[in-house]
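Student: what's the 3D shape of this:
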Amino acid sequence: MSRRSWPFLLGGLLVALLLAGVVSNYASSHPDGLDSSLLKGCTVNADDEITGGSCPAQRAKDHELADSPLADYGVRGIGNDFLSTGLSGVLGVLLTFAVGGGLFWLARRRNPAGATSTGTGDTTSTGPAGVSSTGPAGVDEAGPARTATTGATGGTTASRPSGDR
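Tutor: Numbering: from 1, shown residues only. The predicted model follows:
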């Protein structure tokens, strides 16, 4: 990753952490579309408990992970709802960032087999008839001047100046 992309990446992480840690506490506490459609036909009290009628939500069961430390948009064991929700969001962002970063690190592009790195991000490879070339950012050890030599096999080795990008 280039040095110029680090500030963008860290800025995005900071914005995500602020949104998850602070703004998530101001999200609507009213049920979303799925929850409200499952409650149609039932009467509910102020605590959103079903008190009568017949609806699909009556057959709902707790999820297998309902007792996990981050269940119900909070951290179990923290009594302050604002802090619990914010901390849950921050932990979720950090966990997602770590897993995503790890997957990108594992899937990153590697040098092709047989290529050698020039240290500038380009590769030097040998083509047909023994022709060897250096990428556009490659600079010959003699300097940025254009050089060409004929190898022992009759192939030509050329390097170009780095020039504009």
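Student: next one: the nearest residue to residue 69 once chain neighbours are set aside from residue 66, what distance?
Tutor: The shortest distance from residue 69 to any non-neighbouring residue, by CB to CB, 6 or more residues apart in numbering, is to residue 76 (5.1 Å). C-betas here are computed from N, CA, C, even on glycine. Going from residue 76 to residue 66 by CB to CB, to the nearest Å gives 11 Å.
Student: what of residue 13?
Tutor: Per CB to CB, residue 13 is found 29 Å from residue 66.
Student: higher neighbour count, the two?
Tutor: residue 13 (14 against 9; other CB atoms under 10 Å).
Student: thinking again about what came up before, quick check: the residue nearest to residue 69 vs residue 14, distance?
Tutor: Taken as CB to CB, the span from residue 76 to residue 14 is 27 Å.
Student: what of residue 21?
Tutor: Distance of residue 21 to residue 14, given as CB to CB: 10 Å.
Student: tell me which of those two has more neighbours.
Tutor: More neighbours surround residue 21 than the other of residue 21 and residue 14, with 19 against 10 (other CB under 10 Å).
Student: verify the stated contact: residue 16 with residue 93.
Tutor: Yes - with contact defined as CB atoms under 8 Å, residue 16 reaches residue 93; the gap is 4.9 Å.
Student: okay, now the closest residue to residue 1 other than its chain neighbours: neighbour count?
Tutor: Among residues not flanking residue 1 along the chain, residue 9 sits closest, at 7.8 Å (CB to CB, 6+ apart). Look at residue 9: counted by other CB under 10 Å, it has 12 neighbours.
Student: what residue ranges in the protein score low on pLDDT?
Tutor: For the chain, the stretches with pLDDT under 70 are 30-31, 111-165.
Student: what about the strands in it?
Tutor: With DSSP state E as the criterion, the chain has strands at 42-44, 50-53, 116-117, 123-126, 132-134, 147-150, 156-159.
Student: give the partner strands of the second one in its sheet and their orientations.
Tutor: By that I understand strand 50-53. If you go by DSSP bridges, strand 50-53 pairs up with strand 42-44 (antiparallel).
Student: and the gap between residue 14 and residue 77?
Tutor: Distance from residue 14 to residue 77, counting by CB to CB: 27 Å.
Student: same check on residue 22?
Tutor: Distance from residue 22 to residue 77, by CB to CB: 21 Å.
Student: neighbour count winner among those two?
Tutor: Ranked by neighbour count (other CB under 10 Å), residue 22 and residue 77 place residue 22 first, with 14 against 7.
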